[in-house]
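In: build the 3D model from these lines:
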Amino acid sequence: MTTLPIPDEFELGLQDRERLTRIVASLPLLADLSRSDILLYIGDGTGPATIIAQARPHSVSPIFRDSLVGQSVSEDDNALLFRALRRGRPVHDTHDVTDRAIPSFQETYPVRSHDGERVVGALGLVTNLLEYERHRRRNPVFQQALDHLQQMTLLGQLCPAATLSLFGEHDGIMVIDAAGVIRYVSGIATNLYRKIGHGENLVDTAVASLPVDAALFQQALDTGQCLEQESEEEGFIWIKKAIPIREGGGGVGRLLGRLRSATAADNDYWGVMLTIHDATETRRKERELRIKSAMIQEIHHRVKNNLQTIAALLRLQSRRSESEEVQQILQTTINRILSIAIVHEFLAQGEGTPINIRDVARQVVHQLIRSALDPELQIQLNWFSDDIFLPAQQATACALVVNELIQNALEHGFVGQDSGIVVVHLRDQGAAVGVDVWDNGVALPPNFDVQRDGSLGLRIVQTLVAEDLKGSLRLYNDDDGVRAVVSFPKAPLPEPSSPLGEF
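Out: So this is what the prediction gives:
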């Protein structure tokens, strides 16, 4: 059960807490349908109230920009709220939202305890005044359906709606009564059905004339659950949500004024609200994106294979050479190529997915242990790494930096020695990444300069760090050894390429 931020001094039983949890789960759906910002307060009017939940509409611009959950509210802050808490009945009035001076209409409904004996909180609906005036002119059937949904929310009876996708401003709405007769169709829904050949007015017709809708309608009535399904109709892909509405009777004032007990065994339904979202264009773009992603992954896979082929050819050339210097140069080049191939291997698994440099570094280190460590020397290579997720370009540069620093330590740090230790540590520093490579080999000469005195590998590292990673490189003698420290800021991770389920 979701933990609500209820003040310790406000005592509530388990049943009341469960009921509040059900109310909170219904708020996003109600906010979208009513086009209102919704605040759930805990309090009885004898002291400050506390906001324990908030829902913003996706069908219109929200009024409150920031989260208000956890804030304490006094009577001076919201007199309307305290009137509802003390009187135990709904109140409403126009006012300006103080932080943005938006003319608004506020409706506040008391929330009673499970047994109906006392007020434990209130539900506040804050609607842009222009949107409220539009709602007043909407079809009475839709207004009545929304009134019922508000009552169901207050009683914790609205079916679980947390798994439903978001309702958007371009979604159509249809209201069907319990007898299966369509009583209301919004203008957007009318236009959607015209696209699939229903040019006639659907109001007062049987939902049975729409087989897909009829099946969803009946399933919602039978189960009493909020349902969602995707279907293809005449070449269009629609996302439909069915919300069963309990029988209440009367207008919202009378309906909410008496607040029936949540324990009422009322399984009669007033009807079903059906919402329709045209996802055709969204699904087309998702399909194109999946195809593009698959092609890019295949390219990365082929690049990895081609790089490994090049490395194999260079390895053959190295074996045929009688010059140790040439063999060393070729082996160093092979390691660089394979370090890049490792990154492409990860990219082939998921294009656009951030790469954990810890996994890349592991393969780079194991590759160097196999190819760069002289088996006749007792050199120990240890490495440690945090989980650090980087975009592909930074991951490639970082992999090369790790490869070059380790190779430099192995090739130049232990000249004339037959044993030693190399320690590699990759640190997540919040907004930055730190790469630390230390060895206990030969110390750096005085006034060492990378560009003047460093190897080709160190100059490559300096270029990568400065130009690709926009960071810094330091080399210095430390703890009877040499330490190379690289630090660079993290680049922003790519946004998810396919926002599935959001409309």
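In: show me where the stretch 201-350 of the chain has strands.
Out: 227-233, 236-246, 269-278 (DSSP state E, counting those that start in this stretch).
In: reformat those strands as JSON lines; add mean pLDDT.
Out: Compiled in JSON lines, the strands of the stretch 201-350 of the chain are given as follows (pLDDT from 0 to 100):
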{"stretch": "strand 227-233", "mean pLDDT": "90"}
{"stretch": "strand 236-246", "mean pLDDT": "92"}
{"stretch": "strand 269-278", "mean pLDDT": "92"}
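In: any idea which of those gets closest to S72?
Out: Of all these, strand 236-246 sits nearest to S72, with 33.5 Å by Cβ to Cβ. All C-beta atoms are positioned from the backbone trio N, CA, C, and that covers glycine.
In: about what we covered before: export the strands of the stretch 201-350 of the chain as TSV, with columns for distance to N201.
Out: Formatted as TSV, these follow (distance: least, Cβ to Cβ, whole Å):
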stretch	distance to N201
strand 227-233	19
strand 236-246	20
strand 269-278	16
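In: could you point out which of those sits nearest S419?
Out: Set against S419 and scored by Cβ to Cβ, those come closest in strand 227-233, at 64.8 Å.
In: just want the angle from that closest one to strand 236-246.
Out: Here the directions of strand 227-233 and strand 236-246 differ by 150 degrees (axes from the mean of the first three to the mean of the last three Cα atoms, to 10 degrees).
In: strand 227-233 pairs with which strands?
Out: strand 236-246 (antiparallel) (DSSP bridges).
In: all helices for the stretch 401-503 of the chain, in order.
Out: Taking DSSP state H, counting those that start in this stretch, the helices of the stretch 401-503 of the chain run over residues 450-453, 456-463.
In: sorry, wrong one. I was asking about the chain.
Out: When assigned using DSSP state H, the helices of the chain occupy the ranges 14-34, 79-87, 129-136, 140-154, 187-195, 211-223, 252-258, 280-320, 324-349, 357-371, 392-412, 450-453, 456-463.
In: remind me which residues of the protein are low pLDDT?
Out: Counting by pLDDT under 70, the chain contains low-confidence ranges at 1-2, 96-101, 160-161, 248-267, 350-352, 494-503.
In: re earlier: can you lay out the helices of the chain as TSV showing distance to Y269?
Out: Output for the helices of the chain, formatted as TSV (distance: least, Cβ to Cβ, whole Å):
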stretch	distance to Y269
helix 14-34	16
helix 79-87	28
helix 129-136	23
helix 140-154	10
helix 187-195	20
helix 211-223	6
helix 252-258	15
helix 280-320	31
helix 324-349	48
helix 357-371	53
helix 392-412	53
helix 450-453	77
helix 456-463	70
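In: so which of the ones you listed is nearest Y476?
Out: helix 450-453 (11.6 Å).
In: and the closest one, what does it pack onto?
Out: Judged by 3 or more Cβ pairs under 8 Å, 6 or more residues apart in numbering; DSSP states H and E, helix 450-453 is in contact with helix 456-463.
In: what's the helix it packs on in contact with?
Out: Contacts to helix 456-463, defined as Cβ atoms under 8 Å, 6 or more residues apart in numbering, come from residues 332, 400-401, 404-405, 407-408, 411, 450-451, 454, 473, 475, 484, 486.
In: again, only this time at 6 Å
Out: Under the contact criterion Cβ atoms under 6 Å, 6 or more residues apart in numbering, helix 456-463 has outside partners V401, E404, Q407, N408, V450, L473.
In: one more: stretch 24-31?
Out: Identification of contacts with stretch 24-31 by Cβ under 6 Å, 6+ apart yields I38, A53, A55, P57, T153, L158, A161, A162.
In: which one of the strands of the stretch 201-350 of the chain lies nearest to I379?
Out: Judged by Cβ to Cβ, the one of the strands of the stretch 201-350 of the chain that comes nearest to I379 is strand 227-233, at 59.2 Å.
In: looking at the chain, which residue reaches furthest from the middle?
Out: E322 (57.5 Å; Cα atoms, centre = their mean).
In: ok, and the closest non-adjacent residue to R358?
Out: Spatial nearest neighbour of R358, excluding adjacent residues (Cβ to Cβ, 6 or more residues apart in numbering): S385 at 4.1 Å.
In: residues contacting the one you found?
Out: Taking Cβ under 6 Å, 6+ apart, one finds R358, A361, L426 in contact with S385.
In: quick one on the thing from earlier: can I get the contacts of helix 456-463 in CSV with neighbour count and distance to N191?
Out: Listed next are the contacts of helix 456-463 as CSV, based on neighbours: other Cβ atoms under 10 Å; distance: Cβ to Cβ, whole Å:
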residue, neighbour count, distance to N191
V401, 27, 57
E404, 25, 62
Q407, 21, 65
N408, 23, 67
V450, 16, 67
L473, 22, 62
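In: need the residues you listed in JSON lines with distance to G168, can you?
Out: Listed next are the contacts of helix 456-463 as JSON lines, based on distance: Cβ to Cβ, whole Å:
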{"residue": "V401", "distance to G168": "46"}
{"residue": "E404", "distance to G168": "51"}
{"residue": "Q407", "distance to G168": "55"}
{"residue": "N408", "distance to G168": "56"}
{"residue": "V450", "distance to G168": "56"}
{"residue": "L473", "distance to G168": "50"}
